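# Generate coordinates for the sequence data below:
(chains A and B)
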Amino acid sequence: MNAHFLSRAVSRCLLLLMAAATLVGAAGAADFDYALQPRRIADDTWVLLGRNEDFSIANGANIVNTAFVVTGAGVVVIDSGPSRRYGEQLRRAIAGVTDEPVVQVLITHHHPDHFLGNQAFAPQTLYALPATISGIARDGNAFAENLYRLSGEWMLGTEVVAPPQAIAPGPLAIGTHRFEVLALDGHTGADLALFDRGTGVLFAGDLVFNGRAPTTPHARIDHWLAALDRLDALAPRIVVPGHGEVSVAVAASAPRAIGQTRSYLRWLDAALNRAAEQGLDMSEALSLPLPAEISAFAVAEAEYRRSVSHLYPAAEQGALANSHRH
Amino acid sequence: MKFIALLALAGLLLADTAGAAGSALADPLASLRWGDMRKIFFGKARVVFDERVRVVAPLTAENPLNVPIGVDATALGDVRQVLVFADSNPINEVLRFYPERVQAKLGFRVKLQQSTPVRAAARTGDGVWHVGGAWVNTAGGGCTAPSLGSSSPEWQRRLNEVSARVWSREASGDDEKSPGQLRLRLRIIHPMDTGLVAGIPAFFIQELKLADEQGRALLRIDASEPVSENPVFTVDLPPGLIAGRVQVSGRDNNGNAIETWIEP
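So this is what the prediction gives:
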């Protein structure tokens, strides 16, 4: 191997990298504008769609869906986004649609892209399930640090705010809207879903992904599948997933996103258990090829590898326990 | 990313300078630490970079406490010892293994403190070290996080408990190239504390031996602190090597013994 050649190649790569960083930096630094555009999906109901990508400096961590409902007695917001800037821009986007004040911000779970916009809202409007509140208090700073690392200056000024109010499952009437709050788990230890009985819109948080591979850092797949059954039983007309396009029922058939998430999780669970049962080392499980229907999901390769890290140790313990134990 | 590229560039420049003086090899992984690694681990022995020594590792490690590594030096033949180390870890040496009768191949997991090359150096019968490796990027912190076991009485009760299983690769039909080859995987309950966390002394498995029913050595592993908590090892055995049980023995640095038999 010729060191001079390598050195030239590396410095060329380095120059490209620096040029790319400068470009991205320049575009972002101008205004750090997420260009949030609320889209009306049902009566009084608006969604702000994030990108189907991984966190990056280019997207400022805006890979998440947030939403709001204008109830006649104030605005209900679902998730506050990945940064203080996002939260502030979300407030402006809401103000562009209605004069009603924000009365409740429901945080679906304790992952950073869903709650790091909390600073933009009055503390007395912030609500979450009890385990989400303690999860944010416990892991919030580490999560925020990680997002600073991945998304850079977009995060400036962002600090962790745990919602002060716990919310309980059950009916929730605000203005003209009759919501049902569901306390589920499986994507994390506490996943809130919100169903609007009038419009048939289900805000599913990260229990549902659409067109993007689900993330699993705190997942329990058996619980997650049970939660999806609960969501199906609501017979929603429209599903707002945590990530990916809004999913709408066509004629008599249910919105597809719930079934799609279920299929992916079942495949993942089966693939990892099969690999462990065959005695594959974790490094071998990492490099297994993905079937076409799975690699069709956005960021499937990256999420699969992350999932091996999260879930394979338990799968191989199961396989080892099936044999000799001393 | 930029930082790594800078490091890589700096490494290459250094390697270039050293090359001009006629003493060092150009490190294909362009690590600033290679010169030190060479001095620490190899002294005056002959060292060559050799692509036949494969290190399979994720380019980006999701969990710095449990980074899967596969080392395969079987393409060399006549491998006496394989040393695995991570250039930028606070404790560089991960483990050494001596593939007495098994293949010169091992799967395991490692704790990484920051992004680093992970290298395997295989010493052949002629005394030459053949070095292969891979960069692993990680958020880091793996060596200075307390183990789960260090704070749990439940895990302490199960210290050095072994679970293991033997697969016939032919039977599972997923390795057509080596029919009859056996695979053995074992997991040992142990905190593998590095000693780098305040108030938690180093506590780790140092030696692990596999032998056949007649007591013939199959594999010896000298492990160090960076091996992950509750270590899992994957070992491949040539066809027909073992008929009966496999004996597992070893000890940690506090003298606690590991003793068990694995049924085929």
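# check contacts around A:D139.
Contact partners of A:D139, counting by CB atoms under 8 Å, 6 or more residues apart in numbering or on different chains, are A:H110. For the C-beta atoms, the positions are set from N, CA and C on the backbone; glycine is no exception.
# Point out where chain B drops to low pLDDT.
In the predicted model of chain B, residues B:1-25, B:170-179 satisfy pLDDT under 70.
# how about the strands of the stretch 151-264 of chain B, start to end?
B:162-168, B:182-188, B:205-212, B:217-223, B:232-237, B:246-252, B:257-262 (DSSP state E, counting those that start in this stretch).
# can you put these in CSV and add distance to A:N59 and mean neighbour count?
Putting the strands of the stretch 151-264 of chain B into CSV (distance: least, CB to CB, whole Å; neighbours: other CB atoms under 10 Å in any protein chain shown) gives the following:
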stretch, distance to A:N59, mean neighbour count
strand B:162-168, 43, 21
strand B:182-188, 39, 23
strand B:205-212, 44, 20
strand B:217-223, 42, 20
strand B:232-237, 36, 24
strand B:246-252, 47, 20
strand B:257-262, 49, 16
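# Using JSON lines, lay out the ones you listed together with distance to A:D185.
Converted to JSON lines, the strands of the stretch 151-264 of chain B look like this (distance: least, CB to CB, whole Å):
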{"stretch": "strand B:162-168", "distance to A:D185": "28"}
{"stretch": "strand B:182-188", "distance to A:D185": "28"}
{"stretch": "strand B:205-212", "distance to A:D185": "35"}
{"stretch": "strand B:217-223", "distance to A:D185": "37"}
{"stretch": "strand B:232-237", "distance to A:D185": "28"}
{"stretch": "strand B:246-252", "distance to A:D185": "37"}
{"stretch": "strand B:257-262", "distance to A:D185": "37"}
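# Just put the ones you listed in TSV and tack on distance to chain A.
Below are the strands of the stretch 151-264 of chain B laid out as TSV (distance: least, CB to the nearest CB, whole Å):
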stretch	distance to chain A
strand B:162-168	4
strand B:182-188	5
strand B:205-212	14
strand B:217-223	15
strand B:232-237	4
strand B:246-252	8
strand B:257-262	4
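# I'd like to know which of the ones you listed is closest to B:K39.
Among the strands of the stretch 151-264 of chain B, the nearest to B:K39 by CB to CB is strand B:217-223 (20.3 Å).
# Check which helices and strands that closest one sits against.
Contact partners of strand B:217-223 among helices and strands, from 3 or more CB pairs under 8 Å, 6 or more residues apart in numbering or on different chains; DSSP states H and E: strand B:93-98, strand B:205-212, strand B:232-237.
# Now for B:A139, how many residues are close by?
18 (other CB atoms under 10 Å in any protein chain shown).
# Please apply the same query to A:T216.
Residues within reach of A:T216, counting by other CB under 10 Å, total 22.
# Am I right that it is in contact with A:Y312?
No - using CB atoms under 8 Å, A:T216 makes no contact with A:Y312, being 10.9 Å away.
# For the stretch 201-326 of chain A, which segments are assigned as strands?
In the stretch 201-326 of chain A, the segments counted as strands under DSSP E, counting those that start in this stretch are A:201-210, A:238-244, A:247-248.
# so which of the ones you listed gets nearest B:L241?
Ranking those by proximity to B:L241 (CB to CB) places strand A:201-210 first, at 46.5 Å.
# What number of residues are in the vicinity of residue 228?
No chain specified, so I'll use chain A. By the criterion of other CB under 10 Å, A:L228 has 21 neighbours.
# wait, I meant chain B there
B:S228: 24 surrounding residues under other CB under 10 Å.
# contacting residues around it?
B:S228 sits next to B:L65, B:N66, B:V67, B:F108, B:R109, B:V110, B:K111, B:M192 when contact means CB under 8 Å, 6+ apart.
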